[in-house]
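1. sequence and predicted model, in that order:
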Amino acid sequence: MGQYYKPINIDKKQFVYSHDYGNGLKLMEHSYIGNEFVAIVENLIKKNVAKDGTVLTGDWYGDRIVWAGDYADSEPLNGLTKDKNGKDLPNLYQIIGNYDNNKIKPKNKQFNKKFKYLVNLDKKEFVNYDKVPVFDTTEYEGKKIIWQINPLPLLTCEGNGRGGGDFQYNDNCGNFDLIGKWSRNRIVLLDKQPEDCTEIIFDLIEKQY
């Protein structure tokens, strides 16, 4: 069956819901550069320094982020993942993402292309969006559309490979070790390359048939 995902802020216990922005819940229904739903999360984690030096940050800036799947592992409680009856304990998707009072609905904003450095503050790593490979191009209403996987959902996801709509290991290619590598870390978006971080290359692509 299909696996559903919600981007979750662990520190604030908040999530954003894809259906609020006309997108599907499955990972590869929305994980593309320029996607309206993912752009909402990008705006939540970005830092903008204005010309006058004023620093503006999104509401999730500096918080721990996970793109939580509903088939992901249980959240341990006192070192255990099952209750006294042997039933799996709930995972993050269920603990935070199943409650409407944890949902936020930021205004619809398109991603500003100048913010191209996705940075992991904990691992001191970054990805440059400009280096993400193109895996397909299409024409729509006379406009050329370039398809690239967005690093943010894939780097921070948990549960991938357990349901339909996931990034499938057998059909696609790239460095699969990147999937979930940044889960639960503090992820931010900057318009300038960070000086104290190591660049990693995000090369995941979907094969076209």
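-> Nice, I can see it. These numbers were taken from a predicted model, which means no experiment stands behind them.
2. CA atoms for contacts and neighbours, from now on please.
-> OK.
3. tell me which stretches of this protein form helices.
-> 27-30, 36-44, 92-95, 151-156 (DSSP state H).
4. between the ones you listed, which gets nearest to residue 206?
-> Among the helices of the chain, the nearest to residue 206 by CA to CA is helix 27-30 (9.6 Å).
5. would you put the C-alpha positions of that closest one in CSV?
-> Extracted C-alpha coordinates of helix 27-30, given in CSV (Å, rounded to 0.1, in the frame of the first residue of the first chain):
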residue,chain,number,x,y,z
LEU,A,27,6.9,11.0,-1.0
MET,A,28,7.4,11.1,-4.7
GLU,A,29,4.2,12.9,-5.4
HIS,A,30,5.7,16.1,-4.0
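6. ok, now how distant is the residue nearest to residue 102 when sequence neighbours are not counted from residue 25?
-> In space, and not counting its chain neighbours, residue 102 is closest to residue 14: 4.7 Å by CA to CA, 6 or more residues apart in numbering. When distance is defined by CA to CA, to the nearest Å, residue 14 is 16 Å away from residue 25.
7. ok, back up a step: got the helices of the chain as TSV, with mean pLDDT, distance to residue 18 and mean neighbour count columns?
-> Compiled in TSV, the helices of the chain are given as follows (pLDDT from 0 to 100; distance: least, CA to CA, whole Å; neighbours: other CA atoms under 10 Å):
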stretch	mean pLDDT	distance to residue 18	mean neighbour count
helix 27-30	97	8	20
helix 36-44	95	6	22
helix 92-95	97	14	20
helix 151-156	98	12	25
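8. among these, which is nearest residue 131?
-> Nearest of the helices of the chain to residue 131, taken as CA to CA: helix 151-156 at 10.7 Å.
9. quick revisit: quick one: closest of the helices of the chain to residue 166.
-> Closest among these, using CA to CA: helix 27-30, at 5.4 Å.
10. by contact count, what packs against the closest one?
-> Using 3 or more CA pairs under 8 Å, 6 or more residues apart in numbering; DSSP states H and E, no helix or strand is in contact with helix 27-30.
11. centre of the chain to that helix, how far?
-> Offset of helix 27-30 from its chain centre (CA atoms, centre = their mean, to the nearest Å): 10 Å.
12. which other residues reach that helix?
-> By CA atoms under 8 Å, 6 or more residues apart in numbering, the residues outside helix 27-30 that reach it are 3-5, 23-24, 37-38, 153, 165-167.
13. rerun at 10 Å
-> Residues from elsewhere that reach helix 27-30, judged by CA atoms under 10 Å, 6 or more residues apart in numbering: 2-6, 18, 22-24, 35-38, 67-69, 149-150, 153-154, 157, 160, 163-168, 206.
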